Each structure stands twice: as structure tokens, then as C-alpha cells.
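[1] how would this look folded up:
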Amino acid sequence: MKLADDTKPLQRILNAPSFILSDQVKESFQESMKRFMIPKGRVLVDVGQVSKCLYFIEKGAMRTYYLRGSEDITSLLVSDGDIVCIAESFLMQKESNDVLETLEDTTGISISYEAYRKLVMEDVYMAGLAVQLLEQHLINFTDRVKVFKYLSVEQRIAHYISQPSSLFRRIPDHYIATYLGTTAATFSRCLKTINMDKNLVGRASSFGVLLATFG
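    Modelled structure (predicted):
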């Protein structure tokens, strides 16, 4: 799902200066945004570190994951136009239990926690934008819970790979597998079934009706 006006978080941030009337806030906003280019495989936040920045991805992919024994479990996958941080660590400035890493060479803009708080306190538009992004995060989390509650593993996979935002074939399958609550072997086996039954993808892509039903 996307924000109400169908605009990705990054685009809303890039459009923000045109809505900010105060020259002082506009200058502060522009100075706060830092461009980045981060190579594939770089850990941005590790366990025990504090998530100090929000990252707005122009091009590339990142994930967050946590450790369960010797296995890492993907908890979030994001790509072009999305926003990412370790939310609890960033908002509370506490040590993270999760890891944030790049899955592709990634470019975009970032904003520090201090700059984020300053902008939100100084400008009504920025405060409203922060609330909208938080609301969208909660909606996405609720939808993810429903996916796990109402769909089988095979249906989850079919639903995920049918989404425009899917990273299927862009990143290793085992990252997607743990994100969907299954193993790499089961993911591979289900893909074969899905490929033999194309209607399953069509049924899974109509999951929005199911969300409305159980909303």
C-alpha cells in the first residue's frame, strides 16, 4: 500500500520545499538532507548501535533483519522511493536489536535524528508529513500481520511476487523467504507450484479484497 495520494515517501520529501513558506525552515530543510551512495553489502546499523539517520532511497534496496540463533530473519524489505531506519532505535535513540544493510548499490538522501526533530518542531508541514509517514508505517505493519494471518505460505509468496514493489529476482530468494516466514527450500518449491498454476498469482493479487473484508 502507498500513501493516500499515491506518492512514495521520497517524492513527498523532495516536494516539501515547495510547500514550506518560511525561508528559514526551507534553508534548514535543504541543509539537513545529505546525499549518499552506499555500496551493496554495507551494514548501516548493527545490533547494539543506535539508528541515527532516516534513509530515503532513490535507487537500490535495503533490508532490516534480526538474529535467531545462527539464522538471520528478514523483517523489512525496501527499495526505490521508500524510507527506512530501525524505527524503535531511531525514534527513541536507543540501541538496536536489528541490523540495517544494503542489498544493492544504493543512492538517495538521508537526514539525521537531530535534524529530523528540529524540522518537525519548527514547521507544521514537516510535522504533518512525519505523522503521515508514521501512519503509513502502521498501515503497512497491519497489512503484513493480515498476510500472515489469512494466507498460506504459498499464497504469501504468490501475493508478494505479484506486487509492483516486489524485489523478486533483484535480491537472493532466501532473504524473501525469511521475510515471508518460510525457508529457502519451501520458497523454491512453492515457486514451482505457482509457475504451474498462474491463477494462484491472480488470486493472491486480489488480496486487497481480503484486507477490506477483515479490516
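[2] tell me which element the residue most central in space within the chain is part of?
    The centroid of the chain falls nearest to Val78 when counting by CA atoms, centre = their mean (3.8 Å). Using DSSP states H and E, Val78 sits in strand 71-79.
[3] Kindly report the same for Ser28.
    helix 23-32.
[4] Could you tell me which helix of the chain is the longest one?
    helix 124-150 (DSSP state H).
[5] Just the buried positions in that one, please.
    Under the neighbour-count criterion of 16 or more other CB atoms under 10 Å, helix 124-150 has Tyr125, Met126, Leu129, Leu133, Gln136, Lys146, Val147 buried. C-beta: built from backbone N, CA, C; applies to glycine.
[6] quick check: angle from it to strand 71-79?
    Here the directions of helix 124-150 and strand 71-79 differ by 130 degrees (axes from the mean of the first three to the mean of the last three CA atoms, to 10 degrees).
[7] Report all helices and strands that helix 124-150 contacts.
    On a contact count with 3 or more CB pairs under 8 Å, 6 or more residues apart in numbering; DSSP states H and E, helix 124-150 meets helix 9-15, helix 113-122, helix 153-161, helix 207-214.
[8] can you rerun that using 10 Å?
    Applying 3 or more CB pairs under 10 Å, 6 or more residues apart in numbering; DSSP states H and E, one finds that helix 124-150 contacts helix 9-15, helix 23-32, strand 71-79, strand 83-84, helix 87-92, helix 113-122, helix 153-161, helix 207-214.
[9] For Asp98, see how far away Tyr65 is.
    Going from Tyr65 to Asp98 by CB to CB, to the nearest Å gives 6 Å.
[10] Now do the shared contacts for the two.
    Shared contacts of Tyr65 and Asp98 (CB atoms under 10 Å, 6 or more residues apart in numbering): Val47, Asp72, Ile73, Ser75, Leu76.
[11] Could you turn the buried ones of those residues into a PyMOL selection?
    Buried residues within the shared contacts of Tyr65 and Asp98, by 16+ other CB under 10 Å, are selected in PyMOL with:
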select buried, resi 72+73+76
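[12] Dump the shared contacts of Tyr65 and Asp98 to JSON lines, plus distance to Asp173.
    Formatted as JSON lines, the shared contacts of Tyr65 and Asp98 follow (distance: CB to CB, whole Å):
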{"residue": "Val47", "distance to Asp173": "24"}
{"residue": "Asp72", "distance to Asp173": "14"}
{"residue": "Ile73", "distance to Asp173": "15"}
{"residue": "Ser75", "distance to Asp173": "17"}
{"residue": "Leu76", "distance to Asp173": "17"}
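[13] Which of the shared contacts of Tyr65 and Asp98 sits closest to Ser162?
    Proximity of those to Ser162 (CB to CB) peaks at Leu76, which lies at 19.1 Å.
[14] so how far is the first residue of stretch 157-175 from its last?
    Using CA to CA, to the nearest Å, the end-to-end distance of stretch 157-175 comes out at 12 Å.
[15] Show the average pLDDT along that stretch.
    In this model, stretch 157-175 has a mean pLDDT of 93.
[16] where are the low-confidence patches of the chain?
    Across the chain, the ranges flagged by pLDDT under 70 are 1-26, 196-215.
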